[in-house]
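> mind looking at a prediction? Sequence and model below.
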Amino acid sequence: MSAGLIALLDDVAAIAKAAAASIDDVAGAAAKASGKAVGVVVDDTAVTPQYVTGITPARELPIIAKIARGSLVNKAIILVVSLTLSHFLPGLLTPILMVGGTYLCFEGAEKILGHFFHHEKPAEKTPAVNNGPEEEKRIVSGAVRTDLILSTEIMVISLNELRDETLGIQIGALVTVAIVITVLVYGVVALLVKMDDIGLAMSQQKLKSTAAVGRLLLRAMPVILKIISVAGVAAMLWVGGHLFVSGLAELGFHPIHDFMLASGHAVGSALTAVAGAASWLTETVIAMIFGFVLGAVVVLVVWGVGAISKRIKG
């Protein structure tokens, strides 16, 4: 084998190693970036099934696929805009995160307060019924608009976790996050939406064990959806509160952030056997409480403005 060919193979091997290392870097960065976005992901999963409520079963999956495509377009646009801002106007990233955190707190608190006070929900959040192609377009456009807000939060939160990475790693990680989260969210949504149909079909089978599993699925689905909804609210308050408190600290106001960290450290020191988990849980609970208080204030302002507006119009 000639020396030139051996040198070429060495170069190819070196490039392959570098590419593998880059893939590992991107995968690691993507995992890190998506961690803080969990609250939005759970919320997205909990919110989306309502858009296909009342739809003909044959059109449920095609509509979910259209919403997923719209979500990918949203994330692509947001990726370009957020990267541009982070490199040319990096000072805006923290305020944007704080606004996104406030919105998450508002959404979580609104669901809790709305449950107790039976406040009327906005019309666009109510389930839609299938009345033909035009109604289907309206459903998809409404879901994609809601996804735009959630996708913005996912991508900006993820980018914030990648501030110290190179531009190439940031782009690779964000593209990975966008694709994986979209597939995950809308794959789970498709499964949730069709689970009733699967359970019904199984419950009608002659085999008793299959029929029993089908009936169990039918009974379990309302409970599963409720658990997802509750987890989504908790995650929104936690992530939203943490984003806002961390943003305040970055802007120079440290008391709340310091109290949260000190409390976590104190509880972790007292429970040495589970120090890490105890510390994290304490900080999470404090962030959730702060998130609820912040969100409740915004909710009351929004409800108050809405009530005043109705009186003026009436």
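Yep, that arrived.
> C-alpha from now on. contacts and neighbour counts both.
Will do.
> who are the packing partners of the host helix or strand of G199?
According to DSSP states H and E, G199 maps onto helix 167-203. Packing partners of helix 167-203 (3 or more Cα pairs under 8 Å, 6 or more residues apart in numbering; DSSP states H and E): helix 3-35, helix 38-47, helix 57-88, helix 133-160, helix 208-250.
> low-confidence stretches in the stretch 1-150 of the chain?
Applying pLDDT under 70 to the stretch 1-150 of the chain flags the ranges 1-55, 57, 118-132.
> if we use 80, what do you get?
Along the stretch 1-150 of the chain, segments meeting pLDDT under 80 span 1-60, 118-136, 139, 142-143, 145-147, 149-150.
> just the pLDDT at the closest residue to Q170 other than its chain neighbours, thanks.
Spatial nearest neighbour of Q170, excluding adjacent residues (Cα to Cα, 6 or more residues apart in numbering): L162 at 6.2 Å. Looking at L162, its pLDDT is 79.
> hmm, L162 is touching G172, no?
No: contact status for L162 versus G172: not in contact, 10.9 Å apart, counting by Cα atoms under 8 Å.
> and the gap between the residue nearest to Q170 and T102?
21 Å (Cα to Cα, to the nearest Å).
> which of those two has more neighbours?
Remark: of L162 and T102, T102 carries more neighbours, 24 against 20, as counted by other Cα atoms under 10 Å.
> ok, the more buried one touching H242?
No: with contact defined as Cα under 8 Å, T102 does not reach H242; the gap is 10.0 Å.
> joint contacts of these two?
Common contact partners of T102 and H242 (Cα atoms under 8 Å, 6 or more residues apart in numbering): G291.
> which helix or strand contains the spatially closest residue to E153 that is not a sequence neighbour?
Leaving out its chain neighbours, the residue that sits closest to E153 by Cα to Cα, 6+ apart is G100, at 5.9 Å. Assigned by DSSP H and E, G100 belongs to helix 93-117.
> try I312
Counting by DSSP H and E, I312 is part of helix 275-313.
> got the angle between that helix and helix 93-117?
Counting by axes from the mean of the first three to the mean of the last three Cα atoms, to 10 degrees, helix 275-313 points 70 degrees away from the direction of helix 93-117.
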